[in-house]
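# got a structure for you, letters missing:
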C-alpha cells in the first residue's frame, strides 16, 4: 500500500509485504472482524523491519519538561494524564530507535487523547515529519474522520478499510474468515458451490457488516450442515425446535464458554429473531428468564451449586439492556458473551472497579412506571442475582456481602440519579 490508495482489509491481509511507515485502519463500529489480523500483520512487519512496538495504551510515560516541540508550539507529553499522541510520534529517541505506536480509538476501556492532539499527530504524519510511525485503528463513527487532518493523511499515506459484504466482496471475506473462524479451520468449505450460493442469499436483501456476515456463516455451518455437507431438508426441519430452547443452550454456553457453545446460542437467537420474528425486547425477556432460572438452580439435572461466574453473566447482561434495545441484537449479545468469556475469576471481577460499579448500578432500585414482560423479567433477574450473591458466603466470593443490600444508601443514591431503567443499564 502506497500513496493515497484505499485498500480493503481482506486484500491488505493477502499482500506478501507492505512498505508503509504509518497506517490508518477504518473499521465499522460493532464489526472489525479482521481488526486483530490487520494489527498483527502490521506489527509483525514493523518488528521485521527493526521497529519496536510501543502500545501507548500500556506505555508508562513520565510527566516531564520541557515539552516536545519548540517553545512556541510545544505540547505536553501527557494531556490530563493521557499520553499525547503527537508527542509520541514527534519526540526524538535518545537511542535513535524507531518505534511503532499502536492506538485503537474504538477501545472504550481506555482513555484517549483529545481530538485536536490526534489531529495534530496526523498532520505530522501527512507531512512526513513524524519521528516514529503509528498504527491508528478508527471506528467509522469517530469524529476524527470528519477532520481535514484525517483527509490529508489518507491522501498522503492511504487507508486500510473494512468493506461492507456485498455480492462483489462476500467470497473474499468468507474465504478469509473460514480459515481462522470461531469454529476452527473450515477453509475446505470455501469452494463448495452450494455453500457459496447459501452465503450469497445472506446479502441479497442488503449488504452486511463483516462481523454480522461471519455470524451468518456460523449459523449455516451449525444449523444446516454436518461433516462439511448440508443435511437433507427434512432433517433441518425436524431440528428447528432445538433452535428455540433458550435455557438449555444458554446454560451450555455459561458452563463451557467456548466457540461451539457460543455459536449454538447465537443460532437459537437467530431462530427466535427471524423464524418467529421476535423483537429485541422479547428476546431479552427470554434471556433474562433463562438466566434467572440458572441462578435459582431450577433445572434439577444440574446437581451442583451454580458457578459464581453465572452472577457475572447476569450483571453484564442487565448492564447491556440499552445496547439490546437500541442496536443490533446479535452484536449486543456477542459483546456480552465475549466479555463474559474473558473473565477468569468471579471474585476478581467483583473486586474490580468495573465489577463493583456494574453491580451497584444493576442492583440499585429505580422507579419504573411500566410493568410489561421485560420489566417483570428484569426485576426477577435482579432479585435472583441479589439472593444468589447473598447465599454464596465466604469461600466462593470473598466480601460478597459488602454493599449488596437493596436499601443501602449507595444503591438508593445511584437509583435516584437515574432517569429511567434503560439509561441505568448503560455501563462503560
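Everything's here; your move. Here the structure is a predicted model, which means the values were calculated and not measured.
# which residues sit in contact with residue 130?
Going by Cβ atoms under 8 Å, 6 or more residues apart in numbering, residue 130 touches 21, 22, 89, 90, 121, 124. Any C-beta I mention is one placed from the backbone N, CA and C, and that applies to glycine too.
# That one and residue 87: what is the separation?
Residue 130 sits at a distance of 11 Å from residue 87 (criterion: Cβ to Cβ, to the nearest Å).
# for residue 250, same thing?
Distance from residue 250 to residue 87, by Cβ to Cβ: 47 Å.
# again, but for residue 28
Counting by Cβ to Cβ - residue 28 and residue 87 are separated by 30 Å.
# more crowded one of these two?
residue 87 (23 against 20; other Cβ atoms under 10 Å).
# next one: the helix or strand where the more buried one lies to chain centre, how far?
Residue 87 is part of helix 85-90, with elements assigned from DSSP states H and E. In this view, helix 85-90 has its centroid 27 Å away from the chain centroid, taken as Cα atoms, centre = their mean, to the nearest Å.
# and the helix or strand hosting residue 376, which residues are buried?
Taking DSSP H and E as the criterion, residue 376 maps to helix 373-392. Neighbour counts over helix 373-392 (16 or more other Cβ atoms under 10 Å) mark 374, 377-382, 384-386, 388-389, 392 as buried.
# Check stretch 176-190 too.
In stretch 176-190, counting by 16+ other Cβ under 10 Å, buried: 176, 177, 178, 181, 182, 183, 186, 189, 190.
# Next: stretch 189-198.
189, 190, 192, 195, 198.
# Give me the contacts around that stretch.
Under Cβ under 8 Å, 6+ apart, the answer for stretch 189-198 is 171, 174, 175, 178, 220, 221, 224, 225, 228, 230.
# One more: stretch 43-56?
With Cβ under 8 Å, 6+ apart as the criterion, stretch 43-56 contacts 17-18, 83, 85, 88, 97-103, 132-133, 135.
# Among these, which one has the most neighbours?
residue 85 leads the contacts of stretch 43-56 on contacts (other Cβ under 10 Å) with 26 neighbours.
# State the helix or strand in which the residue nearest the centre of the chain lies.
Closest residue to the average C-alpha location of the chain: residue 335 at 4.9 Å, with Cα atoms, centre = their mean. According to DSSP H and E, residue 335 maps onto helix 329-341.
# which strands and helices sit next to that helix?
Packing contacts for helix 329-341, counted by 3 or more Cβ pairs under 8 Å, 6 or more residues apart in numbering; DSSP states H and E, involve helix 210-224, helix 259-270, helix 280-295, helix 309-319, helix 321-326.
# Show me the shaky parts of the protein.
Where the chain drops to pLDDT under 70, the residues are 1-4, 54-81, 93-96, 233-244, 275, 298-306, 365-370, 393-428.
# The closest residue to residue 260 other than its chain neighbours: what's it in contact with?
Distances taken as Cβ to Cβ, 6 or more residues apart in numbering place residue 183 nearest to residue 260, at 6.9 Å, with adjacent residues excluded. Contact analysis of residue 183 by Cβ under 8 Å, 6+ apart lists 218, 221, 222, 259, 260, 263.
# Neighbours of the last one, how many?
Residues contacting residue 263 under the criterion other Cβ under 10 Å number 21.
# any idea how the chain splits into domains?
6-161, 170-238, 240-424 (automatic domain parsing).
# Just read off the phi/psi values of the residue lying closest to residue 141 once chain neighbours are set aside.
Distance criterion Cβ to Cβ, 6+ apart; nearest residue to residue 141, sequence neighbours excluded, is residue 29 at 4.8 Å. Dihedral pair for residue 29: phi -60, psi 130, per degrees, to the nearest 10.
# I'd guessed residue 29 sits against residue 145; true?
No. Using Cβ atoms under 8 Å, residue 29 is not in contact with residue 145, being 11.5 Å away.
# hang on, the earlier thing: let me know which of the helices and strands packed on helix 329-341 is tucked in deepest.
helix 309-319 (a mean of 24; mean count of other Cβ atoms under 10 Å).
# Need the residues that contact it.
254, 287-288, 291, 294-295, 336, 339-340, 343, 346, 349-350, 355, 358-359, 361-362, 378, 381-382, 384-385, 388-389, 392, 397, 425-427.
# thinking again about what came up before, more neighbours, residue 29 and residue 145?
Ranked by neighbour count (other Cβ under 10 Å), residue 29 and residue 145 place residue 145 first, with 16 against 13.
# What separation do you get for that one and residue 339?
Residue 145 is 26 Å from residue 339, by Cβ to Cβ.
# likewise residue 281?
Taking Cβ to Cβ, one finds residue 281 at 22 Å from residue 339.
# ranges for the strands of this protein?
Taking DSSP state E, the strands of the chain run over residues 6-8, 23-27, 52-55, 78-79, 82-83, 99-104, 133-139, 159-161, 225-226, 229-230.
# Which one of those lies nearest to residue 210?
Closest approach to residue 210 among the strands of the chain is made by strand 23-27 (8.7 Å; Cβ to Cβ).
# same for the closest one, what does it pack against?
Using 3+ Cβ pairs under 8 Å, 6+ apart, strand 23-27 is in contact with helix 35-48, strand 133-139, helix 148-157, strand 159-161.
# in its sheet, what does it sit against?
Strand 23-27 has the following strand partners under DSSP bridges: strand 133-139 (parallel), strand 159-161 (parallel).
# Now tell me what touches it from outside.
Contacts of strand 23-27 (Cβ under 8 Å, 6+ apart): 1, 9, 35, 38-39, 42, 106, 133-140, 145, 150, 153-154, 157-162.
# how about a cut-off of 7 Å?
With Cβ atoms under 7 Å, 6 or more residues apart in numbering as the test, strand 23-27 has contacts from 35, 38, 42, 135-140, 145, 153-154, 157, 159-162.
# try stretch 149-167
Residues contacting stretch 149-167 (Cβ under 7 Å, 6+ apart): 1-9, 12, 20, 22-28, 31-32, 38, 119, 122-123, 125-126, 144, 169, 173, 200, 203, 207-210, 213.
# Quick one: which of the contacts of residue 130 is the most crowded by neighbours?
Highest neighbour count within those, by other Cβ under 10 Å: residue 121, with 27 neighbours.
# Enumerate every residue touching it.
Contacts of residue 121 (Cβ under 7 Å, 6+ apart): 85, 86, 89, 134.
# I'd like to know how far it sits from residue 218.
Counting by Cβ to Cβ, the separation of residue 121 from residue 218 is 38 Å.
# swap in residue 153?
Distance from residue 153 to residue 218, by Cβ to Cβ: 36 Å.
# rewinding a little: distance to residue 320 added to the buried residues of stretch 189-198, as TSV?
Shown next, in TSV, are the buried residues of stretch 189-198 (distance: Cβ to Cβ, whole Å):
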residue	distance to residue 320
189	32
190	34
192	36
195	33
198	31
